[in-house]
Each structure stands twice: as structure tokens, then as C-alpha cells.
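J.: mind folding the following:
(chains A and B)
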There are 2 protein chains.
Amino acid sequence: MPQQPLKRVLVTGGAGYIGSHIVLILLLTRQYKVLSIDNSHNSFPEALKRATEIATEALPADATEQDRDSAVVEAFSGDLRSRENVEKVFAGSPVWGVIHVAALKAVGESSEIPLDYYAVNVGATIQLLQIMAEHGCYNMVYSSSATVYGTPPVVPIPETTPLKAESVYGRTKVMCETILSDVCTSYPDKWRAISLRYFNPAGAHTSGRMGEDPRGKPGNLLPLLSQIAIGKFKDDPLKVFGNDYPTPDGTCVRDYIHILDLARGHLLALEALSDERAPGSKISPDIFPKQGGKFKAYNLGKGRGQSVLSMIEAMRKASGFNYQYEIIGRRVGDVPDLTADPALARKELGFDAPLELDTMCEDLWRWQSMNPDGYGQ
Amino acid sequence: MPQQPLKRVLVTGGAGYIGSHIVLILLLTRQYKVLSIDNSHNSFPEALKRATEIATEALPADATEQDRDSAVVEAFSGDLRSRENVEKVFAGSPVWGVIHVAALKAVGESSEIPLDYYAVNVGATIQLLQIMAEHGCYNMVYSSSATVYGTPPVVPIPETTPLKAESVYGRTKVMCETILSDVCTSYPDKWRAISLRYFNPAGAHTSGRMGEDPRGKPGNLLPLLSQIAIGKFKDDPLKVFGNDYPTPDGTCVRDYIHILDLARGHLLALEALSDERAPGSKISPDIFPKQGGKFKAYNLGKGRGQSVLSMIEAMRKASGFNYQYEIIGRRVGDVPDLTADPALARKELGFDAPLELDTMCEDLWRWQSMNPDGYGQ
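T.: Residues are numbered from 1 along each chain as shown, chains lettered A, B, ... in the order given. Predicted coordinates for the structure are as follows:
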């Protein structure tokens, strides 16, 4: 029986930490032809090479030519702000859908260079949607963030919480969700979009060959802990911002989700965008309302909160490194508890985040110790 | 005594209805060198020619060369979505400030082509702000709209009302205000912006040589009434949408402001952005907070509501035309009463809208009867 032609799916920001793991998970399914566009701003083409290597090694002995092709990412080097760069990607065979990950993502930085954040995160998204429409491509999975909730009135946080971002970064995410919702509402027979609100993605691929490689000192806790464990930042003691929050041990609580679980959520979202369901699929047949726009937002979290101190302890267990830390005052803008209510994604997408905290830390540590300098400068 | 060099001010959308009247008011002051960029989408270069003619005719006999220059608008033909087009405008002598009027503006259309609205109104604004920053230009007067209030909980509407736009068009305006506010907050020593929330601008210049020339059948009541009075749309009876609203005569109430009063509001906003005050200026010396971003929003309305039926009666008096109309059901999205609370603009900008409804209708009728085909196709 001849194989169906592969659906072509573009991952923007495909060489970044989150993007490259999504690319890998897509390659491993052998059900898509995966394209990537990335400007190497906070990412490395090497990540895509390794994803292709891992997927190619995983091919069965009797792999067809199409299988072999599906294990190779077609990587474009380009910037989403450039219409020419994006059009190059769409110039070939039709693209079925886009997983739009590319964005600037640092909350603190976003208040320092707000125009860059608006240009990259909002302006380029509008242009991307226009180019998609010009090429008849109407399916998008959008990378949103738990920051859209600001300081949530209810924890665990359901998707029905009013959006009230408290940073420029968060506002760019709210704006893009609003734009997507409006576009889907105006063209209910064409556009479909799923927005995935990430909680705290962390960890690395089990192989130790792919992981997070932030430029400069990591702004997030886990990559900072793993870099400290390999000996970096010796003269810069680890700081814990506040231990007087209304949480079990007084430090801030976040919902860490393994990067591979998060990436698999995108696979489910892609399937949910289409009318087809794989045999045995747990995705609800009608995630979109019958009337109105086909736009839906889901939390991607584990639904379990971890305090800063419990993360330090988990990384101590994984790395054997005995962290010294200093407790200082609260940091402006920090929210005590950001834990997802994951019920909707579980019910409608069949989404689950089974990988546990220990696995996450072990995987991170494997990546970090095998690649002390990340993908290499 | 030698004259001070003129401040260069760019009006985007300068050839449109609102833009061209702002250009004219600026030219008449002889205090600015006025630039315009316009793509003739819903506007006519002829409007700028006439503004220059009117301002030149108004020059005193002893006008200096600089005075003569200040009466001539420097018009660029270009689209704000094109970086090249915008950079051309900034390539010459430094531009001191921008009055950013250019936008798509039809509420109904905005839900039909939302991506165009987001690209033109939001994407192009982000790019304009970037180009301004690259050229050291940090002053903006922004054209916002009463639609940012959605269905207001309190009428007359104060600026403190939470923004809750109920159309794509309205959301583009809220997004731009948000972006401007963020940019001003991040760079309090550089950026200053004033957002002017227009209620219902109407009428025309007293000369009858400049006015509104909408393409196709007018979407707004007053231009529709004036075109009906010159004999258009004979087979298409005038419709009044609903007479069962909680208003004095049951029809919707809007706050009509004469276009020349509205335009003069921009002159005050420009002065308020600078640290200088003209002699006798009524502008408050400190409209911006001492701490934080220099962004402020003001209503531009008369503060007096007029019902649909009272507008029909006023246009009957001005034109002598005996309107026949049909009352049909309410139109989706219409709000009973949108009347401005104009107190803040009065207090801080010294803004007043003295021109009365009769004058507005007479000026409109003069323009329409002198120019039955508008600026001529």
C-alpha cells in the first residue's frame, strides 16, 4: 500500500530549546515533513542537526524512502521579521500548518526593549499569519505562556481565568492570542488555531544530546542550577528571592513540565487541528464550538507545583552538587504560585505529563554534563 | 530678530479626512514644518493641495520666507507598512514629532479583514515607532477612538474607564495605546505620547474647500445625510437602527465634535508634549506624572450627546432637504450612548470644542454642495 504524502509542518524558532524538542518529537513520528525557520538569536543550528541524527538513528531497518525523508528537518535560516525570509519557506510545496514558537521570551528584558518585543512577537506574527493566508495555510499551534494570567486569582489556574499580563512579554502573548482568536472568528471555515500556554518547561532529551543552551547567565532556575553544578558562576552565589511567600516552604512555587511532555502536547494539538484522528486517539472529536471561531487555548503544565527549595534539592540529588544559596528579598513581579489546572488539556487533547521531577533533573544533568558548553560556541 | 527654525511634524494619513484638517490647522499656525505620508487608500492628495492653498492665502502681506515655507505641506506618497517608504520621510532633517492618524477605521470591515486591520493599525505602528527611535524622534500624538471603551459602564465616559473594545478595530486601538504606554514607561527620559480618543468627528472646513470624502456609500451618519441631500442613494431609503434605546427619543446618542475643534486638540497635544508653553497657554505645566512613563490619554469630545433623530433634524435645517427615513431594528454592536466626559482635556490641555451642531451641519453642507463629487475621482 503506498504511503500518504506527508503533511508539511513549519516550526518557527525550530532551533531553540523548545522548538528543537518539538522538531525532534515530530521527526520521530515519521508522520510529518518538518520545516524550521530560525535566526539563531537564542538558538543553535546544531540542535537541528542532532534532532535529525537522533530521528535517523531511530528509523527501522525497513524504513521507506519517505520514512527517511521524514526524519530530516528542512531547516531555513531566516528572521520572521523579514517577509522575504518567510516567503522562501512557503515558496515550495504547500505547508499544512505552523507551530509558531519563535519569540523573544525574557520578562525582564521585555521592559528594557519593548519595541523589539512588540516587533518580533506581535508584528512578525501578524505578518506570518498574512503569509500563511496568502499560501492557503490556515492551521496554527501558538506558543503562549502562563504569564498571560498575571497574578492569578485562583490556583491551580484554569484557562477561563481573565488574561491580565503584567509584563511587556506577557502582553505580547495576550495580543497574539487576541489576534488569533479574531482571525479564527472572522474565518470559521478556514482558520483554526490552538494556543498552548506553557508553564515551566525544563529538562532535556533523554539521550543527553539535546537540551537548553541559554546565552549568557541563565534567567531560569533549572538551567542556572545545572550550570552551577558544572562549576560556573562560582563567585556569584545562588540567590533565592524571598522565603516569606504563602507557600509550604515560603519560596515561590512553579509548575515544571518536562520538555518532552511539553513537545508531545504540540503533536496532540496538531492532530486536534485536523479533522482526522489517529486510531486510538484520545483527542475529543469536537474541541471547537460548532458556531463561531475555531480558536482554543490550553494550559500545558503538570498540574503540580514545586518550590524553589524543592527544585534545588532535586537538582542536588541528580547532580550530586551541594548548592549553597542565599535567601534575599522578594523580586518585583514574582507571583507566589503558578500552578496549572491541566484538566482541559487532559480531557480534550488527551494530554498528560507523566515524566516526573527526578527524571527531568536527571535528563537535564545528563545533557549538561555531556555538553558543558552546550552546543558549543 | 531671526525666527526660530520650525519644528518638523509628520502627520501620517495626512490626506485623509481627519489628517488633512490637522495638517491645515498646523499650517495656519506657521509654527511647524508639516510633513505628510499617505497611501491614498481612503484619502486624496487634492486635500493636501487645498490645505496648502488655504494656508498660503492666509499669509500676511509681510510674511517671511520661513512663513511661506510653513504654509506648504511636504507630502510623501507612501504606505506605512513599507519600511522604505517611512524611512524616506525621516531621511531628511530631523522630525520632532509624529501625529499618527493613518489607520483603517471601519468597525464592520474590521471583522471581515482582521489581518489587514492588525497589519495596518498595529504592525505598521510598531514599525513606525522603531523608525522614529532610530532617528531620535520620541514624540507622538496618537489617534485613538471612543470605541476603546466598548459598552461603557458610566456615561459621560471618563478616561479612567477600563478599556474593553468590542470590535477588531477597537482592539487595534487598545493594543496601540498599550504599546505606547509600555514604550513610554520603559524610556521615561525619551518617549512622550498622548493618545486622543476621538468621539464623532464631523463637519468640514468653513471655506467649503475641504471636507470628508468617503469612498463608496458613507458608513457614518452625517456624510450619509449630506450625500442624500445632494440627491444620492434615492433608491436606498435612510434607515434608523432602533428607536427603543434608553435615550430621550429612543435612538442612539453620539457625541459629535466639529472637525476643526478636533484638529485644534492636536495642536494642544503637540504643545503639551514639549516642555515649552506658548505665552498665555492654558496647558498644564505637568500633564505627565513625575515618576513613570510619559503617556496620557484624553477624550476629544464635546461632552454633549446628540440622538440620530436630532442629527437628521439638524441636517434638514442646514440643507433644506426633507429626509424620509425608516425605523428598523437595532444594529448588532451599537451602544445606546457614547458621550465623552471632556473634563480632563479641558483641565490639562485647555481643550474646548466651542463649535456648535448647527455650524457643523452648515459647514458640512457647504462642502458637500460645493463639491458634490468630493475631491473628484
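
J.: point me to the residue of the stretch 201-350 of chain A nearest chain B.
T.: A:G293 (10.4 Å; CB to the nearest CB). (Each C-beta comes from the backbone N, C-alpha and C, glycine too.)

J.: all helices of the stretch 1-150 of chain A, in order?
T.: A:17-29, A:45-57, A:65-70, A:83-90, A:107-110, A:114-117, A:124-134 (DSSP state H, counting those that start in this stretch).

J.: mind checking how far the fifth one is from the chain centre?
T.: The one in question is helix A:107-110. Centroid displacement of helix A:107-110 relative to its chain, using CA atoms, centre = their mean, to the nearest Å, is 18 Å.

J.: where does the stretch 201-350 of chain A come near chain B, residue by residue?
T.: With the criterion set to CB under 8 Å from any CB of the partner chain, the stretch 201-350 of chain A never comes near chain B.

J.: and the residue of the stretch 201-350 of chain A closest to chain B, how many neighbours?
T.: 19 (other CB atoms under 10 Å in any protein chain shown).

J.: host element of the nearest residue to A:V154 once chain neighbours are set aside?
T.: Excluding its sequence neighbours, the residue lying closest to A:V154 (CB to CB, 6 or more residues apart in numbering or on different chains) is A:T161, at 6.6 Å. Using DSSP states H and E, A:T161 sits in no helix or strand.

J.: A:T161 touches A:A146, doesn't it?
T.: No. Taking CB atoms under 8 Å as the definition, A:T161 is not a contact partner of A:A146, at 9.9 Å.

J.: which one's more surrounded, these two?
T.: Each of A:T161 and A:A146 has its neighbours counted (other CB under 10 Å); A:A146 has more, 24 against 18.

J.: dump the helix or strand bottoming out on mean pLDDT in chain A to CSV, keeping only the CA atoms.
T.: Ranked by mean pLDDT, DSSP states H and E, the weakest helix or strand in chain A is helix A:107-110, scoring a mean of 94. Extracted in CSV, the C-alpha atoms of helix A:107-110 (Å, rounded to 0.1, in the frame of the first residue of the first chain):
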residue,chain,number,x,y,z
VAL,A,107,10.2,39.0,31.1
GLY,A,108,12.9,41.4,32.5
GLU,A,109,14.4,42.2,29.1
SER,A,110,10.9,42.9,27.7
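
J.: what sits up against that helix?
T.: Applying CB atoms under 8 Å, 6 or more residues apart in numbering or on different chains, the external contacts of helix A:107-110 come out as A:104, A:117, A:147, A:167-170, A:172, A:219, A:333.

J.: mind running it again at 7 Å?
T.: Here helix A:107-110 makes contact (CB atoms under 7 Å, 6 or more residues apart in numbering or on different chains) with A:104, A:117, A:147, A:167-169, A:333.

J.: nearest to A:I230, of those residues?
T.: Nearest to A:I230 among the contacts of helix A:107-110: A:L104, at 26.8 Å, using CB to CB.

J.: tally up the residues packed near that closest one, please.
T.: By other CB under 10 Å, 18 other residues sit near A:L104.

J.: and if you look at A:G376?
T.: Close neighbours of A:G376, defined as other CB under 10 Å, add up to 9.

J.: residue contacts, it?
T.: Counting by CB under 7 Å, 6+ apart, A:G376 touches A:E46.

J.: distance of it from chain B?
T.: 33 Å (CB to the nearest CB, to the nearest Å).

J.: A:D373 too?
T.: Noted for A:D373: a distance of 33 Å to chain B, by CB to the nearest CB.

J.: quick check, pLDDT for that residue.
T.: What the model reports as pLDDT for A:D373 is 94.

J.: let's verify it: helix, strand, or coil?
T.: coil (DSSP: H, G, I helix; E, B strand; the rest coil).

J.: tell me how far it lies from A:M210.
T.: 15 Å (CB to CB, to the nearest Å).

J.: which one of the two is surrounded by more residues?
T.: A:M210 (27 against 8).

J.: tell me the SS of that one?
T.: Following three-state DSSP, A:M210 is assigned to coil.

J.: pLDDT weak spots in chain A?
T.: A:1-2, A:377 (pLDDT under 70).

J.: for it, which helix is longest?
T.: If you go by DSSP state H, chain A has its longest helix at helix A:168-186.

J.: ok now it, how far from the chain's centre?
T.: The chain centre lies 17 Å from the centre of helix A:168-186; the measure is CA atoms, centre = their mean.

J.: so what secondary structure elements neighbour that helix?
T.: Secondary-structure packing of helix A:168-186 (3 or more CB pairs under 7 Å, 6 or more residues apart in numbering or on different chains; DSSP states H and E): helix A:107-110, helix A:114-117, helix A:124-134, strand A:139-145, strand A:192-198, strand A:294-300, helix B:114-117, helix B:168-186.

J.: how much does it deviate in direction from strand A:294-300?
T.: 150 degrees (axes from the mean of the first three to the mean of the last three CA atoms, to 10 degrees).

J.: buried ones in helix A:168-186, by neighbour count?
T.: A:168-186 (16 or more other CB atoms under 10 Å in any protein chain shown).

J.: now the strands for the stretch 201-350 of chain A?
T.: A:238-241, A:253-254, A:256-258, A:294-300, A:306-307, A:325-328, A:337-338 (DSSP state E, counting those that start in this stretch).

J.: CA atoms of the fourth one as CSV?
T.: Think strand A:294-300. What follows is the C-alpha trace of strand A:294-300 in CSV, where atoms were taken according to Å, rounded to 0.1, in the frame of the first residue of the first chain:
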residue,chain,number,x,y,z
LYS,A,294,-12.1,27.7,15.8
PHE,A,295,-9.7,29.0,18.4
LYS,A,296,-8.9,27.3,21.7
ALA,A,297,-6.3,27.8,24.4
TYR,A,298,-4.9,25.1,26.7
ASN,A,299,-2.6,25.0,29.7
LEU,A,300,0.4,22.8,29.3
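
J.: what's that strand in contact with?
T.: A:144, A:157, A:159, A:177, A:180-181, A:184, A:188, A:191-199, A:257, A:262, A:265, A:287-288, A:340-342, A:344-345, A:349.

J.: can I assume A:D358 sits in a helix?
T.: Yes. Under three-state DSSP, A:D358 falls within a helix.

J.: residues contacting it?
T.: A:314, A:317.

J.: how near is it to A:I259?
T.: A:D358 sits 15 Å away from A:I259, going by CB to CB.

J.: next: A:L115.
T.: To A:I259, A:L115 is 30 Å away according to CB to CB.
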